[in-house]
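A.B. asks: Let's see this in three dimensions:
(one chain, ligands or ions: 2)
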Amino acid sequence: MAKIHLLDNETINKIAAGEVIENPKSIVKELVENSIDAGADEIIVEIKGGGKDLIRITDNGKGIEKDQVEDAFKRHCTSKIESSDDLNSLFTLGFRGEALASIAAVAHVDMITRTNSDLTGTKITIEGGKVVSKEYIGCPVGTTIAVTELFFNVPARKKFLKSDGAESGNINEVVVSLALSKENISFKYINNGNTAFRTPKTDNLLNTISSLYERDLYNSLLKVDYESDVVKITGFTTNLNYYRGNRKQQIVFVNQRYIKHKRMSYYIEVAYNTMLPKGKYPACFLKIEIAPSLVDVNVHPAKTEVRFQNEELILNEIKRAIFSALHSVSIIKEVKGEDVVKDNRVSKNKGNSIFESFKKYESVNNEDSIFESPAHDEYSNIKLTEIKTEYSENIFEEALEQSIAEEKAIVYEYKNTAEDNDTMSVTELSPQEQYEPVQQSFTEIAEDESKLPELSVTGIVMDTYIICENMEKTEMYMIDQHAAHERINYEKFLNQYNSKEIIIQELLIPEVVNLSYEDYHAVMSNEEIYENLGFNLENFGTNAILIISIPNIFRDSNIKEIFYTILDSLKSANKSNINLELDKIIKNACVKSVKAGDRLHIQEVKALLKSLGKTENPYTCPHGRPVIIKMTKYEIEKMFERIQN
Ligand code: ADP
Ligand code: MG
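C.D. replies: Numbers count the residues shown, from 1 in each chain. Ligands and ions are numbered 1, 2, ... in the order given. I've put the predicted structure just below:
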């Protein structure tokens, strides 16, 4: 058996590298943090091929002295702490002295660096942990590090790298978070030769946010400024006019360190106290300052974890900070952007006061009918190429149209057998006229196709629930019209998608969507998926896209809302099983396609029930909520105590 022995340095570094350097994203993070620690106020991040082909960071920081350049690449060599005592008063991002050693162990690294006091700089090349060359050259003060041939000597790790798109998506997130963490540093981010964004050197985070995010978000920001004995919380959070389908725009720094904290998100959302629709989350940019001794940063360096000594206390302070921002009118005025929003995707930022939004929300609170707010009209009047029928105002237009079309077909047959040749005259009648006489013939012929029993409609309560009974008058049914419509839309869209026959509606006036770079990137790298779903998109300059056409099924919906819903689902999608994810995406989009609160005409109810009966599963909505509830006569009589036991 082999003897126990100490591993050589090269092997130790290679093993350790696995922990610190998992992927291109972690390299970018470590290198940029070094630039920040070096006091740079200009940092350029450049990547190619999702960071697999090149990661190059250039800074104007203080550089490394000639005689220390090699030490910088040695494990546990750092200039940032002297002993463990310093950990409690840590104000630099790095302190382990592991990053450069780890990166150099698994890649080809070129570094050029010069300090202010040196006349010439150093150029060093290290590969697999070994110095390949070192020379003195003329160069500006600061440091440039280029990493290529990542994991050339660790094939197992190389194999686990994701696609260029996925890796660069992760890098985007890190660069954005770093840029937000330091508004006083100008960041330039170049991806495959294109400048993705450039943040200004500023003392106001608002300027940084505006260079990184879409105008809709920017225009919804409320200032957060809160201080107590234990914490200081500053930054911005969005008002009720803005929300997203995931928490990716909740960006939190604790003592300048980008962190993720699930419970914290929960506390932030509690401050919004159900004022946002279910499953929707605010965006926020929070900088939390807290005595270093109350936070444990000595968790895994590649992770964004953080532990607070008194978590409950800190989280409650954060909740309070958000709450007071949401209720502070004067602050809202101060934050409001100068330019009026033209294309707020959820609703127009009409007033400065959040209370206005509150009111708006309260009045429609009980439903997804927030989209019924006046602002929604801006989108509902999008002009479509299609000529609308008199039913076009109605959400069940499609169901109705379909049933009319089918009825026509049935009448055609029916009349044919009745030896009437002039059947096509039916189409010349107005829809209303067609409807009545045809109804009976339809009921007679097509009823057996339905998955639901034959029902007679008694009425609609609360503008939402359709009350029916069966023909035998032994069962009562309640049908949630929104859930029913979601189910119908979902199956229709899914069928169209599966048979690759999505009916497309071209927009008369294409819709411009301004995005953050991160979102833009996500859209462009998923363009094909959008296309398969029936959305034709076009590049529209820096971080903007044009929606040219949409699936017909969404033609009366808030297009941006659906577009963002798909985007958010795509961003959180598990790319390895995109088919499964697409089902989820289609579900989410179809839920958004339903306008709420419409009072239905009895004929429309019938058309709806008919379409519902033809779905594969008329019993639940795409997300599993019930569509139809049955009560038997027995149950009702028991409630009235006509029957005992
Ligand atoms: P750490 O950041 O934990 O100290 P690193 O391995 O990342 O460890 O870096 C090692 C040392 O190299 C740092 O302590 C710092 O002195 C020096 N260094 C690394 N990057 C830079 C840079 N961009 N500018 C100046 N010095 C740097
Ligand atoms: Mg470091």
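A.B. asks: Would you mind listing what in the chain touches ligand 2?
C.D. replies: N34, G94, A99 (C-beta under 5 Å from the ion). C-beta: built from backbone N, CA, C; applies to glycine.
A.B. asks: how does it look with 6 Å?
C.D. replies: E30, E33, N34, G94, A99 (C-beta under 6 Å from the ion).
A.B. asks: can you put these in a markdown table and add neighbour count, distance to I504 and pLDDT?
C.D. replies: Listed next are these as a markdown table, based on neighbours: other C-beta atoms under 10 Å; distance: C-beta to C-beta, whole Å; pLDDT from 0 to 100:
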| residue | neighbour count | distance to I504 | pLDDT |
| --- | --- | --- | --- |
| E30 | 23 | 46 | 93 |
| E33 | 21 | 47 | 93 |
| N34 | 23 | 50 | 94 |
| G94 | 20 | 52 | 70 |
| A99 | 24 | 50 | 89 |
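A.B. asks: Out of those, name the ones that lie in strands.
C.D. replies: Among the residues of the chain next to ligand 2, no member falls in strands (criterion: DSSP state E).
A.B. asks: wait, doesn't T195 sit right on K188?
C.D. replies: Yes: T195 is within contact range of K188, at 6.6 Å (criterion: C-beta atoms under 8 Å).
A.B. asks: Looking at these two, which is more packed in?
C.D. replies: K188 (17 against 13; other C-beta atoms under 10 Å).
A.B. asks: Quick check: that one vs ligand 1, distance?
C.D. replies: Using C-beta to the nearest ligand atom, to the nearest Å, we find K188 at a distance of 16 Å from ligand 1.
A.B. asks: now that residue, what's its secondary structure?
C.D. replies: When classified by DSSP: H, G, I helix; E, B strand; the rest coil, K188 comes out as strand.
A.B. asks: Give me the local confidence score for it.
C.D. replies: What the model reports for K188 is a pLDDT of 95.
A.B. asks: How about the one 4 residues further on?
C.D. replies: According to the predicted model, the pLDDT of N192 comes to 94.
A.B. asks: In the stretch 51-200 of the chain, what residue spans correspond to helices?
C.D. replies: 69-72, 99-105, 155-159, 164-181 (DSSP state H, counting those that start in this stretch).
A.B. asks: picking that back up, can you tell me which of the residues of the chain next to ligand 2 is nearest ligand 1?
C.D. replies: G94 (2.3 Å; C-beta to the nearest ligand atom).
A.B. asks: show me the contacts for A283.
C.D. replies: Shown in contact with A283 (C-beta atoms under 8 Å, 6 or more residues apart in numbering): Y213, L217, S220, T237, T238, Y242, Y243, R244, Q249, Q250.
A.B. asks: can you rerun that using 10 Å?
C.D. replies: Residues in contact with A283 (C-beta atoms under 10 Å, 6 or more residues apart in numbering) are 209, 213, 216-218, 220-221, 236-238, 242-244, 247-251, 516.
A.B. asks: Quick one: name the residues of the protein near ligand 1.
C.D. replies: Residues of the chain found near ligand 1 (C-beta under 6 Å from any ligand atom) are 30, 34-35, 38, 59, 61-64, 72, 77-80, 94-101, 143.
A.B. asks: returning to that earlier point: please indicate which of the contacts of A283 are buried?
C.D. replies: Using 16 or more other C-beta atoms under 10 Å as the burial test, these include 209, 213, 216-218, 220-221, 236-238, 242-244, 247-251, 516 as buried.
A.B. asks: picking up where we left off before, dump the residues of the chain next to ligand 2 to JSON lines, plus distance to R487.
C.D. replies: Output for these, formatted as JSON lines (distance: C-beta to C-beta, whole Å):
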{"residue": "E30", "distance to R487": "49"}
{"residue": "E33", "distance to R487": "50"}
{"residue": "N34", "distance to R487": "54"}
{"residue": "G94", "distance to R487": "54"}
{"residue": "A99", "distance to R487": "52"}
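A.B. asks: For ligand 1, what is the nearest residue in the stretch 401-550 of the chain?
C.D. replies: For the stretch 401-550 of the chain, C-beta to the nearest ligand atom, closest residue to ligand 1: Y517, 24.0 Å.
A.B. asks: any idea how far I553 is from that residue?
C.D. replies: Going from Y517 to I553 by C-beta to C-beta, to the nearest Å gives 30 Å.
A.B. asks: Then G613?
C.D. replies: Counting by C-beta to C-beta - G613 and I553 are separated by 19 Å.
A.B. asks: Repeat that for V270.
C.D. replies: Counting by C-beta to C-beta - V270 and I553 are separated by 36 Å.
A.B. asks: Which one's more surrounded, the two?
C.D. replies: I553 (23 against 15).
A.B. asks: what about the nearest residue to the more buried one once chain neighbours are set aside, neighbour count?
C.D. replies: Excluding its sequence neighbours, the residue lying closest to I553 (C-beta to C-beta, 6 or more residues apart in numbering) is F493, at 5.2 Å. Neighbour count of F493, defined by other C-beta under 10 Å: 24.
A.B. asks: Tell me who's in contact with K188.
C.D. replies: Taking C-beta under 10 Å, 6+ apart as the criterion, K188 is in contact with 42-46, 58, 175, 179, 195-199.
A.B. asks: and the residue nearest the centre of the chain, what element?
C.D. replies: Centroid-nearest residue in the chain: D568, 3.0 Å away (criterion: C-alpha atoms, centre = their mean). Secondary structure assignment for D568, by DSSP states H and E: helix 559-571.
A.B. asks: and stretch 131-143, average pLDDT?
C.D. replies: 95.
A.B. asks: list the buried ones in it?
C.D. replies: Neighbour-count burial for stretch 131-143 flags C139, V141, G142, T143 (criterion: 16+ other C-beta under 10 Å).
A.B. asks: re the thing from before, select, out of the helices of the stretch 51-200 of the chain, the one closest to T304.
C.D. replies: Checking the helices of the stretch 51-200 of the chain against T304 by C-beta to C-beta gives helix 164-181 as the closest, at 8.7 Å.
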